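1. my questions are about this predicted structure, shown below with the sequence.
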Amino acid sequence: MNDTTPDSLIPYDDIVQDALRGVVSRVLQRISDEGGLPGGHHFYIAFRTRAPGVSIPKHLMERYPDEMTIVIQHRYWDLVVADDHFSIGLSFNQMPSSLVIPYDAIVGFVDPAVNFALQFAPKDGEGPPDDSGPEEPSPDPPAPEPQDDGSNVVTLDRFRRK
C-alpha cells in the first residue's frame, strides 16, 4: 500500500480560491445594490498593487509598491462591481482617487464588525513581497480607525493567523 497522496488532475485549491473571491464580489454587489453598508459593517480589502489589471494613482503605487489595504466604510463613491473586478472612489489624504481592483489581485478581505475574514493565495505566480531579511516579531497594534486626514489605508497583519 502506498502512503503518498496522488497528485490531483483537478485544481481543487484554485477552484476554492475562485469561489471565495466570488464571496467578495457578491458582498460588494449587495452593498452597491443597497446603496451602502448596513449597520456597523465595514471592509478591509488587501490587494497586490502590481497584479494584472490593477489601476491606482501613481502616488499610491509609489507609496504601496507591493500591497495595500483599503477601507470601505463611510467615505466612498462610484462603487461598480463587475464580473472580474470592482472599481471604487476613495480619498487618500483628502485626495480623491479612483481604483480598479481585479478579484484575482485580492489577498485579504476582512469585515471586523462580525469577525469575518478571508485570506487568498496570490494568483498568476505572484509571490509575497520579497523580504530580504528575517522578520522581527512585533506586538499586534490596535485596529486603526479611519483618520480625519482621509487616509483609508491600514494593515491586515492584526487579522492574519500566525
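-> That came through fine.

2. look through this structure and tell me its longest helix.
-> Identified as the longest helix of the chain according to DSSP state H is helix 12-34.

3. run through who's touching it.
-> 37-38, 41, 43, 45, 72, 79-81, 83, 86, 103-104, 106, 109, 111, 118, 120-121, 123 (C-beta atoms under 8 Å, 6 or more residues apart in numbering). All C-beta spots, glycine's among them, are computed from the backbone N, C-alpha and C.

4. wait, isn't Pro46 in contact with Val71?
-> Actually, residue 46 is Ala rather than Pro. No - assessed by C-beta atoms under 8 Å, Ala46 is found out of contact with Val71, at 10.6 Å.

5. more neighbours, the two?
-> When Ala46 and Val71 are compared for neighbours, Ala46 comes out ahead with 23 against 20, by other C-beta atoms under 10 Å.

6. what's the closest non-adjacent residue to that one?
-> What sits nearest to Ala46 in space, not counting adjacent residues and going by C-beta to C-beta, 6 or more residues apart in numbering, is Gly108, at 3.7 Å.

7. can you pull out the strands in this structure?
-> Ranges of strands in the chain, per DSSP state E, are 43-48, 67-72, 76-81, 85-92, 95-102, 106-111, 116-119.

8. quick one, which of the ones you listed is packed in tightest?
-> Per residue and on average, the most neighbours among these fall to strand 43-48, with a mean of 24 (mean count of other C-beta atoms under 10 Å).

9. angle of it against strand 67-72?
-> Computed by axes from the mean of the first three to the mean of the last three C-alpha atoms, to 10 degrees, the angle separating strand 43-48 from strand 67-72 equals 160 degrees.

10. helices or strands up against strand 43-48?
-> Using 3 or more C-beta pairs under 8 Å, 6 or more residues apart in numbering; DSSP states H and E as the contact test, the elements touching strand 43-48 are strand 67-72, strand 106-111.
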